[in-house]
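Colleague: using only what follows, build the 3D model:
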Amino acid sequence: MFRISALCVVLIMLLTSPAAFAQQDQNKPVKNTAQAAEQAKRHVDGRVLKVDKTQSAYRVKMLKKSGRVVTLDVDKRSGEVKPSNGSKDDQ
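Modeller: Residues are numbered from 1 along each chain as shown. Here you go, the predicted structure:
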C-alpha cells in the first residue's frame, strides 16, 4: 500500500513540474508575436528586443542577462523554440 501511495506522489510531482508544463506548451500553436515572445522567454532568461514574423515561425531577438544577444525561432504550428538558423548565438 505504501509503495502505491509513494508512486502516486512521485507521479503527481512529475506531472505538475514546470518542465511538464513547458513541454505541454510546446504542442500549442503560436498565434501572435506576444505568444512567441512568451515562449522564447521560457527558454532564455532575458529581455525581448524584437519579434519578426516569417512564413513558418516567429524570430525572437533577446538580450540575455549576460549581455549577449540571441536569436530564437518559435515555430508557429508546434510552438517549438530553437536557435535561429544561421545564427552563431548560443542559448
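Colleague: and the nearest residue in space to V51 that is not next to it in sequence, what is it in contact with?
Modeller: Nearest residue to V51, sequence neighbours excluded (Cβ to Cβ, 6 or more residues apart in numbering): T33, at 4.2 Å. Any C-beta I mention is one placed from the backbone N, CA and C, and that applies to glycine too. With contact taken as Cβ atoms under 8 Å, 6 or more residues apart in numbering, T33 is in contact with 51, 53, 58.
Colleague: same thing but at 10 Å, please
Modeller: T33 is in contact with 48, 50-53, 58, 60, 74, counting by Cβ atoms under 10 Å, 6 or more residues apart in numbering.
Colleague: in three-state terms, label V51 for me.
Modeller: strand (DSSP: H, G, I helix; E, B strand; the rest coil).
Colleague: got phi/psi on the residue nearest to V51?
Modeller: Backbone geometry at T33, expressed as degrees, to the nearest 10, gives phi -70, psi -30.
Colleague: what's the spacing between it and S66?
Modeller: Relative to S66, T33 is positioned 24 Å away (Cβ to Cβ, to the nearest Å).
Colleague: all helices of this structure, in order?
Modeller: 2-15, 18-25, 33-43 (DSSP state H).
Colleague: rank those by mean pLDDT and give me the bottom one.
Modeller: Lowest mean pLDDT within those: helix 18-25, a mean of 49.
Colleague: read off the pLDDT value for N32.
Modeller: N32 is given a pLDDT of 96.
Colleague: please name the residues that touch it.
Modeller: 38, 51, 53, 58, 76 are the contacts of N32 under Cβ under 10 Å, 6+ apart.
Colleague: top of the residues you listed by number of neighbours, please.
Modeller: Highest neighbour count within the contacts of N32: Y58, with 23 neighbours (other Cβ atoms under 10 Å).
Colleague: pull the contacting residues for it.
Modeller: Applying Cβ under 10 Å, 6+ apart, the residues near Y58 are 30, 32-37, 39-40, 51-52, 72-76, 81.
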